[in-house]
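Asks: generate a structure from the sequence data that follows.
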Amino acid sequence: MSEVEETLNRIKTHKGVCGIVIVNSDGVPIRSTLDSQTTAQYSALISQLAAKARSVVRDLDPQNDLTFLRVRSKKHEILVAPDKDYVLIVIQDPNSEQGASAN
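Replies: Next up is the predicted model:
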């Protein structure tokens, strides 16, 4: 778990990162830096979005798979890295991203 902790801490230090959520394949949150209500909301909705995006990618090419998903709105940018058993969700402020490359 120390490697996971180090990775989460490294991600959290990037400018603009508002929160990190790790969910299992069922959409159940395993780790989070957000409050429980926000965690539950992001876990459920982003898990569904990632599953749908993965389905679209596979429908277009059955030998392909979703490796990363980025959704940007006026207030937030959501980065989704799905894996076989887990999904990593990072929420960041897109207005802070200019300084993120300096870290």
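
Asks: helices of the protein, residue ranges please.
Replies: For the chain, the helices defined by DSSP state H occupy 2-12, 36-60, 97-100.

Asks: which pLDDT value does the model give the most centrally placed residue in the chain?
Replies: In the chain, the centroid-proximal residue (Cα atoms, centre = their mean) is residue 89; its distance is 1.5 Å. pLDDT for residue 89: 98.

Asks: bridging residues for it?
Replies: Assessed by DSSP bridges, residue 89 has beta-bridge partners residue 21, residue 80.

Asks: that one contacts residue 17, doesn't it?
Replies: No: judged on Cβ atoms under 8 Å, residue 89 makes no contact with residue 17 at a distance of 11.3 Å. Where you see a C-beta, it was placed from the backbone N, CA and C, and this is true even at glycine.

Asks: point out where this structure drops to low pLDDT.
Replies: Residue ranges of the chain with pLDDT under 70: 1, 97-103.

Asks: and the closest residue to residue 78 other than its chain neighbours, how far from residue 77?
Replies: Distances taken as Cβ to Cβ, 6 or more residues apart in numbering place residue 71 nearest to residue 78, at 4.6 Å, with adjacent residues excluded. Using Cβ to Cβ, to the nearest Å, we find residue 71 at a distance of 7 Å from residue 77.

Asks: do residue 35 as well
Replies: 20 Å.

Asks: neighbour count winner among these two?
Replies: residue 77 (19 against 10; other Cβ atoms under 10 Å).

Asks: distance of the more buried one from residue 62?
Replies: 30 Å.
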